[in-house]
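J.: heads up, no residue letters with this:
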């Protein structure tokens, strides 16, 4: 079992001045690696995601999404419009290792807490900024919100079937990817600081990470005459991959089929109608809808277990499609031990996820739920002599 002091970032202090998802996700990753995260929030209301409800469920007055992404952090209430509070924050910046902010461009400068100002206070500070669309250009002042960033990124034209129109991903993927990229940049800057003794300014945006997310398919587009990808019209799963790649309905559920030679599938599934396509690999793409329909008609006649008993021994890349109940009941999920319960003194008790990263064979575990607004203000001020 790895203790908190054994984790790579133990002893580092991170100031989280961000809200919603992208910045708090970055600091959650740092915390899971051992850093101490102090969440700087406005008095009273705190982070606006406290009231960003995914359902009608709340714990201790806060949303489940807030608890999920801010577990184990401390909360320092600071009124950024109050000079005395602002001075307290600046003195804390002088003693911190990392600062993360995701204000709209221009706001942090008006507060006098931009990288140049913060670096003057603490030259060793690793400072990270997340925006919607970067620091310049026509979209800078636009809301840096996940769905809107997805809309501008081209990503929505990769999901769904041909003819469906744009399909957004079912998660705030821009926020999550921006947080992950921010954490990567921070870690690299901390390594550099260990060599040079100086901090750095790490920057990313929702649009930049969504462009990077598409690097494989965008590289094809850029070097293939800039032809737009065409999604399959039936059971599409990847605009650039041929049949049988997709999800198919069996008699009692769904099965996913990845890259598989059509002759092998014809043999295993006993689909004689696939014979005309077996010697023409190009047709696996050009006629993928027709091929997928033939496969779908056959798969629909048996159960998922029956097909897996045929396909898996033949080393065909396939899997049962699980919903969350199925995932939670699976041995593959159970063995990973990815869930934990976090609690707080006011009877808040939440079952949530754990870090996806293992260090020296062990996964970090939290026991503390997300803080109340300003819960740790007095203790932090006393500890840091603020």
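T.: Thanks, I have the structure now. Only a predicted model underlies this, so the values are computations on that prediction, with no experimental measurement involved.
J.: give the residue spans of the stretch 51-200 of the chain that score low on pLDDT.
T.: Applying pLDDT under 70 to the stretch 51-200 of the chain flags no residue at all.
J.: and the strands in it, which stretches?
T.: 58-59, 62-63, 74-77, 98-101, 126-131 (DSSP state E, counting those that start in this stretch).
J.: for residue 9, find the nearest of those.
T.: Nearest to residue 9 among the strands of the stretch 51-200 of the chain is strand 98-101; the distance by C-beta to C-beta comes to 9.0 Å. Backbone N, C-alpha and C define where each C-beta goes, glycine included.
J.: ok, the closest one: who's next to it in the sheet?
T.: Paired with strand 98-101 in the same sheet, following DSSP bridges, are strand 13-16 (parallel), strand 126-131 (parallel).
J.: in JSON lines, list the strands of the stretch 51-200 of the chain along with distance to residue 146.
T.: JSON lines is the format used below for these (distance: least, C-beta to C-beta, whole Å):
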{"stretch": "strand 58-59", "distance to residue 146": "22"}
{"stretch": "strand 62-63", "distance to residue 146": "16"}
{"stretch": "strand 74-77", "distance to residue 146": "24"}
{"stretch": "strand 98-101", "distance to residue 146": "17"}
{"stretch": "strand 126-131", "distance to residue 146": "12"}
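J.: quick one: which of those is nearest residue 368?
T.: When these are ranked by distance to residue 368, counting by C-beta to C-beta, first place goes to strand 74-77 at 9.0 Å.
J.: which helices and strands does the closest one pack with?
T.: Counting contacts by 3 or more C-beta pairs under 8 Å, 6 or more residues apart in numbering; DSSP states H and E, strand 74-77 is packed against strand 36-41, helix 377-383.
J.: just the residues contacting the shortest one, thanks.
T.: So that's strand 36-41. Residues outside strand 36-41 that contact it (C-beta atoms under 8 Å, 6 or more residues apart in numbering): 11-17, 24, 27-28, 30-31, 47, 70, 72-78, 89, 92, 96, 371, 373-374, 376, 380.
J.: next one: the longest one
T.: With contact meaning C-beta under 8 Å, 6+ apart, helix 377-383 is reached by 38, 74, 75, 76, 77, 88, 92, 386.
J.: for the record, mean pLDDT for that helix?
T.: Average pLDDT, helix 377-383: 97.
J.: how far off centre is that helix?
T.: Taking the mean of its C-alpha atoms, helix 377-383 sits 32 Å from the chain's own mean (C-alpha atoms, centre = their mean, to the nearest Å).
J.: doesn't residue 340 fall inside a strand?
T.: Yes - the assignment for residue 340, made by DSSP: H, G, I helix; E, B strand; the rest coil, places it in a strand.
J.: is it true that it touches residue 368?
T.: No - assessed by C-beta atoms under 8 Å, residue 340 is found out of contact with residue 368, at 10.6 Å.
J.: compare these two and say which one has the larger neighbour count.
T.: With neighbours defined as other C-beta atoms under 10 Å, residue 340 and residue 368 compare such that residue 340 has more, 17 against 12.
J.: what about the closest residue to the more buried one other than its chain neighbours, how many residues nearby?
T.: Nearest residue to residue 340, sequence neighbours excluded (C-beta to C-beta, 6 or more residues apart in numbering): residue 354, at 4.9 Å. Using other C-beta under 10 Å, the number of residues around residue 354 comes to 18.
J.: so residue 354 touches residue 365, yeah?
T.: Yes - using C-beta under 8 Å, residue 354 is in contact with residue 365, at 6.2 Å.
J.: shared neighbours of these two, anything?
T.: Counting by C-beta under 8 Å, 6+ apart, the contacts common to residue 354 and residue 365 are residue 340.
J.: what residue lies at the spatial centre of this structure?
T.: By C-alpha atoms, centre = their mean, the chain has its centre lying nearest to residue 176, at 2.7 Å.
J.: point out the other helices and strands that whichever strand or helix holds residue 295 packs with.
T.: Per DSSP states H and E: residue 295 is located in helix 288-299. Helices and strands touching helix 288-299, by 3+ C-beta pairs under 8 Å, 6+ apart, are strand 246-249, helix 262-269.
J.: out of these, flag the one nearest residue 360.
T.: With C-beta to C-beta as the criterion, residue 360 lies closest to strand 246-249 of the helices and strands packed on helix 288-299, at 37.4 Å.
J.: what lines up beside the closest one in the sheet?
T.: Counting by DSSP bridges, strand 246-249 is paired with strand 254-257 (antiparallel).
J.: starting at the chain centroid, how far to the strand it pairs with?
T.: Strand 254-257 sits 24 Å away from the centroid of its parent chain (C-alpha atoms, centre = their mean).
J.: go on, stretch 38-45?
T.: Relative to the chain's own centre, stretch 38-45 is displaced by 23 Å; criterion: C-alpha atoms, centre = their mean.
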